[in-house]
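Novice: missing the sequence, but the structure's below:
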């Protein structure tokens with residue numbers, strides 16, 4: 001059957017009219033029955049009008065949003081936006097062809113952003129060290145009003161990835177600190193910061209875990225005992241606040257676990273108790289007064305836990321510094337530490353965190369298991385200078401070879417099962433030792449078939465060696481290694 005143009009237009013108009021009638025009828029029935037049934041039992045927010053010309057806001061649980069709102073209102077004014085400008089080296093396509101020198105590279109400026117938290121009314125601000133590291137200029141922008149200040153660096157602590165800034169301002173809204181030891185897994189928390197330059201952003205989640213060590217602090221004496229949260233943390237959140245539902249600071253947001261560089265479910269914050277101690281030291285002294293015990297502890301294996309009949313976590317002594325506080329107190333490699341200061345030791349991150357609260361000269365009381373016996377040990381903590389002196393004890397430097405040569409102490413000899421050896425430390429990049437492939441902590445047992453007990457003798461032999469060279473030793477983990485070279 002064929003239709004004329006006029007008949008086709010009339011038929012189309014009729015079908016369009018019927019479609020509109022059926023559409024409006026279906027929408028009215030759906031709204032009257034389905035939506036009204038679905039909204040039963042949901043509490044309508046009291047401050048929202050039911051006028052259908054506006055938007056309706058509903059709440060499935062009455063108390064929680066007000067907790068979020070109160071915490072956000074309390075914490076957000078204390079979180080600032082940080083902008084930095086740094087001078088960077090841009091490599092040319094020929095980079096790497098001339099070792100560490102790039103004759104065609106250029107220098108320029110790069111801008112980055114992050115967050116910070118006001119910790120005093122007179123303008124002290126804590127942030128992450130990596131947010132301001134290498135910056136030529138640091139600008140702090142307050143939440144309200146959006147006032148900008150040029151900030152100066154009071155002090156930094158790469159070991160904890162924290163830094164303190166100062167701006168010239170008064171009557172600022174300083175954050176209140178919570179006791180992070182009391183934070184529970186499963187507790188609600190809010191992350192406040194400036195991700196992707198979106199200033200004053202608040203996200204919610206729970207504490208997923210405590211005492212996380214994710215090996216991101218690249219430092220000689222790293223402190224890692226992070227609070228893990230599923231509150232969304234993204235680039236720009238670094239240095240911002242993690243707060244409880246009272247708006248109190250429980251941590252400084254520092255890192256995310258991600259394969260993309262953006263939020264994928266897990267963020268990590270430095271506990272407030274560590275932040276408080278580091279901030280106080282930097283404000284008072286410009287440096288952190290870190291305490292050292294003269295030992296390294298490690299995690300217990302499940303077999304070791306069974307052997308000692310332990311129902312909770314503990315740590316074991318895996319290394320002792322010669323003449324350090326732990327060695328002087330009588331501690332031995334293999335001792336199991338169950339308590340420090342009367343508190344259960346719940347793994348290495350917790351041990352490191354609580355040690356970070358201490359200052360040089362303070363006592364550290366430990367409960368130790370050894371050969372089926374429970375011992376009480378007290379040691380006096382030392383400072384960084386004393387610790388560094390012990391670490392460098394007997395070391396002799398060779399500028400030509402690019403390393404320090406240190407004779408093994410008695411503790412190291414027993415640990416490695418050796419009677420002598422020379423350890424290589426502070427190896428310099430690009431120098432002879434590094435070019436040989438000898439790693440930090442490598443112990444030289446034989447050089448060209450001869451053993452050495454004095455660093456000066458080994459240095460003299462290595463600096464004057466020509467022709468074929470053979471080195472036998474152990475790496476820092478105790479594995480046997482040997483190297484062969486030809487020197488001109």
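Specialist: Here it is on my side, so go on. Values in this document were obtained by computation on a predicted structure and should not be read as measured data. Numbering: from 1, shown residues only.

Novice: Got the domain ranges for the protein?
Specialist: 77-91+99-166, 180-285, 295-386, 395-487 (automatic domain parsing).

Novice: would you say residue 323 is within a helix?
Specialist: No - with DSSP: H, G, I helix; E, B strand; the rest coil as the criterion, residue 323 is coil rather than part of a helix.

Novice: Determine the number of other residues adjacent to it.
Specialist: 14 (other CB atoms under 10 Å). In this view, the C-beta of every residue, glycine as well, is placed from N, C-alpha and C.

Novice: Now do the buried residues in stretch 125-138.
Specialist: 125, 126, 127, 128, 129, 130, 131, 132, 135, 138 (16 or more other CB atoms under 10 Å).

Novice: Contact partners for the last one?
Specialist: Contacts of residue 138 were listed using CB atoms under 8 Å, 6 or more residues apart in numbering, and they are 82, 83, 84, 132, 150, 151, 152, 153, 165.

Novice: wait, is it part of a strand?
Specialist: Yes - if the criterion is three-state DSSP, then residue 138 is within a strand.

Novice: Filter the contacts of residue 138 down to just the ones in strands.
Specialist: In strands, defined here by DSSP state E, the members of the contacts of residue 138 are 82, 83, 84, 150, 152, 153, 165.

Novice: which one of the domains of the chain is the most hemmed in?
Specialist: The highest average neighbour count among these, using mean count of other CB atoms under 10 Å, belongs to domain 180-285 at a mean of 20.

Novice: gap between the two ends of that domain?
Specialist: One end of domain 180-285 to the other measures 24 Å (CA to CA, to the nearest Å).

Novice: name the element the closest residue to residue 80 other than its chain neighbours belongs to?
Specialist: Nearest non-adjacent residue to residue 80, counting by CB to CB, 6 or more residues apart in numbering: residue 116, 4.7 Å away. For residue 116, the enclosing helix or strand under DSSP states H and E is strand 106-118.

Novice: Check which helices and strands that strand sits against.
Specialist: Packing contacts for strand 106-118, counted by 3 or more CB pairs under 8 Å, 6 or more residues apart in numbering; DSSP states H and E, involve strand 79-90, strand 124-128, helix 129-132, strand 249-257.

Novice: try 7 Å this time
Specialist: strand 79-90, strand 124-128 (3 or more CB pairs under 7 Å, 6 or more residues apart in numbering; DSSP states H and E).

Novice: angle of that strand against strand 124-128?
Specialist: For strand 106-118 against strand 124-128, the angle between stretch directions is 120 degrees (axes from the mean of the first three to the mean of the last three CA atoms, to 10 degrees).

Novice: Sheet-wise, list the partners of strand 106-118 with their directions.
Specialist: Note on strand 106-118: by DSSP bridges, its sheet partners are strand 79-90 (antiparallel), strand 124-128 (antiparallel).

Novice: Could I get the full set of strands for the stretch 101-250 of the chain?
Specialist: Along the stretch 101-250 of the chain, counting by DSSP state E, counting those that start in this stretch, strands occupy 106-118, 124-128, 135-141, 148-150, 152-157, 162-166, 188-193, 201-212, 226-229, 241-243, 249-257.

Novice: what's next to the second one, contact-wise?
Specialist: Translated: strand 124-128. By CB atoms under 7 Å, 6 or more residues apart in numbering, the residues outside strand 124-128 that reach it are 80, 82, 114-119, 140, 151, 161-167, 238-239, 252, 254, 275, 279, 283.

Novice: ok, now the fifth one?
Specialist: Residues outside strand 152-157 that contact it (CB under 7 Å, 6+ apart): 129, 132, 163, 164, 165, 166, 278, 282, 283, 286, 287, 288.

Novice: For these, give me TSV that also has pLDDT.
Specialist: Shown next, in TSV, are the contacts of strand 152-157 (pLDDT from 0 to 100):
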residue	pLDDT
129	95
132	96
163	96
164	97
165	97
166	97
278	94
282	95
283	94
286	91
287	90
288	91
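
Novice: nearest to residue 88, of these?
Specialist: The closest of those to residue 88 turns out to be residue 132 (CB to CB; 14.5 Å).

Novice: Tell me who's in contact with that closest one.
Specialist: 84, 138, 153, 163.

Novice: any idea how far the first one is from residue 485?
Specialist: Here the distance between residue 84 and residue 485 works out to 45 Å (CB to CB, to the nearest Å).

Novice: Can you lay out the buried residues of stretch 125-138 as a markdown table showing distance to residue 455?
Specialist: Formatted as a markdown table, the buried residues of stretch 125-138 follow (distance: CB to CB, whole Å):
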| residue | distance to residue 455 |
| --- | --- |
| 125 | 46 |
| 126 | 43 |
| 127 | 42 |
| 128 | 39 |
| 129 | 35 |
| 130 | 36 |
| 131 | 41 |
| 132 | 39 |
| 135 | 40 |
| 138 | 44 |
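
Novice: Note down every partner strand of whichever strand or helix holds residue 473 and its orientation.
Specialist: Per DSSP H and E, residue 473 falls inside strand 467-474. Sheet partners assigned to strand 467-474 using DSSP bridges are listed as strand 443-447 (antiparallel), strand 480-487 (antiparallel).

Novice: which residues are in contact with the last one?
Specialist: Strand 480-487 has contacts (CB under 7 Å, 6+ apart) with 436-437, 465-475.

Novice: Equivalent analysis for the first one, please.
Specialist: Contacts made with strand 443-447 from outside it, assessed by CB under 7 Å, 6+ apart, are listed as 408, 416, 421-424, 451, 458, 461-462, 471-474.

Novice: Surely residue 129 and residue 164 touch.
Specialist: No - the pair residue 129 / residue 164 is not scored as a contact, 9.8 Å apart, by CB atoms under 7 Å.

Novice: can you redo the domains of the chain as CSV with distance to residue 67?
Specialist: Shown next, in CSV, are those (distance: least, CB to CB, whole Å):
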stretch, distance to residue 67
domain 77-91+99-166, 18
domain 180-285, 4
domain 295-386, 28
domain 395-487, 49
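
Novice: Looking at those domains, which is nearest to residue 68?
Specialist: Between the domains of the chain, domain 180-285 lies closest to residue 68; by CB to CB that is 6.0 Å.

Novice: sorry, back to before: between the contacts of strand 480-487, which sits nearest residue 267?
Specialist: Nearest to residue 267 among the contacts of strand 480-487, with distances taken as CB to CB, is residue 475, at 35.1 Å.

Novice: check contacts around the closest one.
Specialist: 439, 442, 481.

Novice: Nearest spatial neighbour of the second one, chain-adjacent residues omitted?
Specialist: Residue nearest to residue 442 in three dimensions, not counting chain neighbours: residue 424, with 4.8 Å by CB to CB, 6+ apart.

Novice: Regarding that neighbour, what are the backbone dihedral angles?
Specialist: phi -100, psi 120 (degrees, to the nearest 10).

Novice: Distance of it relative to residue 401?
Specialist: For residue 424 relative to residue 401 (CB to CB), the value is 9 Å.

Novice: Kindly report the same for residue 149.
Specialist: For residue 149, the distance to residue 401 - CB to CB - is 49 Å.

Novice: How about residue 161?
Specialist: Residue 161 sits 33 Å away from residue 401, going by CB to CB.
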